[in-house]
Each structure stands twice: as C-alpha cells, then as structure tokens.
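> give me the fold of what follows.
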Amino acid sequence: LLLQNMSGFERLGVMPQIIRALEEMGWLLQTPVQDEAIPLILGGGDVMIAAETGSGKTGAFGIPVLQIVYETLKEHLESKGRHGGKG
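Presented below is the predicted three-dimensional model:
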C-alpha cells in the first residue's frame, strides 16, 4: 500500500530534493532504463547500458551520480563539524 503512494523516482530510492527538481523539469515518470539502472547504481552496483537515443540513459546515470555526490559531501561536512573542522 505504501509503494502505491510513492512517486516512481521515490520508489527507486531517489532523494526528495532531486525528485522535486525532476518534477520541476517535467520528469514525472522514469523510463524503463532508469527504472532498472537507478536502484543498482544507488546500491553501489556497476551498470552498463546499451539503449537507443531518448531512452533515458543520461538520467539513469546522472540522477544517482548527483545523489551520491550530495550524500558524500554532506557526510564529509558533517564529519568535519563533529571533529571541530579538522578532517
């Protein structure tokens, strides 16, 4: 029941801030390529995609990369804060 109330990108594990940006750009639903690739990439998997132009390959890689970079920077900054700015 909970999954039915989630957006497509939310179900894939995409963070709310990125989902808002995607919705502002008019990306309401993920493509089949994104549906398969995004959770694998966010889970640390290696992914290789061969698909036609317009299938969503750039988003399939770009969306999780943005999230991974954001989470890594956030962790780094929070770690610096805990250690008095050293780190």
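
> all contacts plus neighbour counts: C-alpha atoms, from now on.
Will do.

> how close does Gln67 sit to Ala21?
As judged by CA to CA, to the nearest Å, Gln67 and Ala21 stand 12 Å apart.

> in the protein, where's the longest helix?
Secondary structure of the chain read by DSSP state H shows that its longest helix is helix 57-82.

> show the pLDDT at Gln4.
What the model reports as pLDDT for Gln4 is 56.

> first-to-last residue distance for stretch 24-35?
19 Å.

> what comes up buried for that stretch?
Neighbour-count burial for stretch 24-35 flags Gln30, Thr31, Val33, Gln34, Asp35 (criterion: 16 or more other CA atoms under 10 Å).

> same check on stretch 44-63?
Within stretch 44-63, the residues that count as buried by 16+ other CA under 10 Å are Gly56, Lys57, Gly59, Ala60, Phe61, Ile63.

> list the contacts of the first one.
The reference is to Gly56. Remark: with contacts taken as CA atoms under 8 Å, 6 or more residues apart in numbering, Gly56 is in contact with Gln30, Thr31, Val33, Gln34.

> now the buried residues of stretch 24-35 as CSV including secondary structure?
CSV is the format used below for the buried residues of stretch 24-35 (DSSP: H, G, I helix; E, B strand; the rest coil):
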residue, secondary structure
Gln30, coil
Thr31, coil
Val33, helix
Gln34, helix
Asp35, helix
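
> farthest pair within those?
For the buried residues of stretch 24-35, the maximum inter-member distance is 8.0 Å, found between Gln30 and Val33 (CA to CA).

> okay, Gln67 and Ala21: which has more neighbours?
Using other CA atoms under 10 Å as the criterion, Gln67 and Ala21 rank with Gln67 on top: 17 against 11.

> look up how far Gly59 lies from the more buried one.
Distance from Gln67 to Gly59, by CA to CA: 12 Å.

> how far away is the residue nearest to the spatial centre of the chain from Ala50?
In the chain, the C-alpha nearest the mean C-alpha coordinate belongs to Pro64, at 3.2 Å (CA atoms, centre = their mean). Distance from Pro64 to Ala50, counting by CA to CA: 18 Å.

> next: Ser79.
According to CA to CA, Ser79 and Ala50 sit 38 Å apart.
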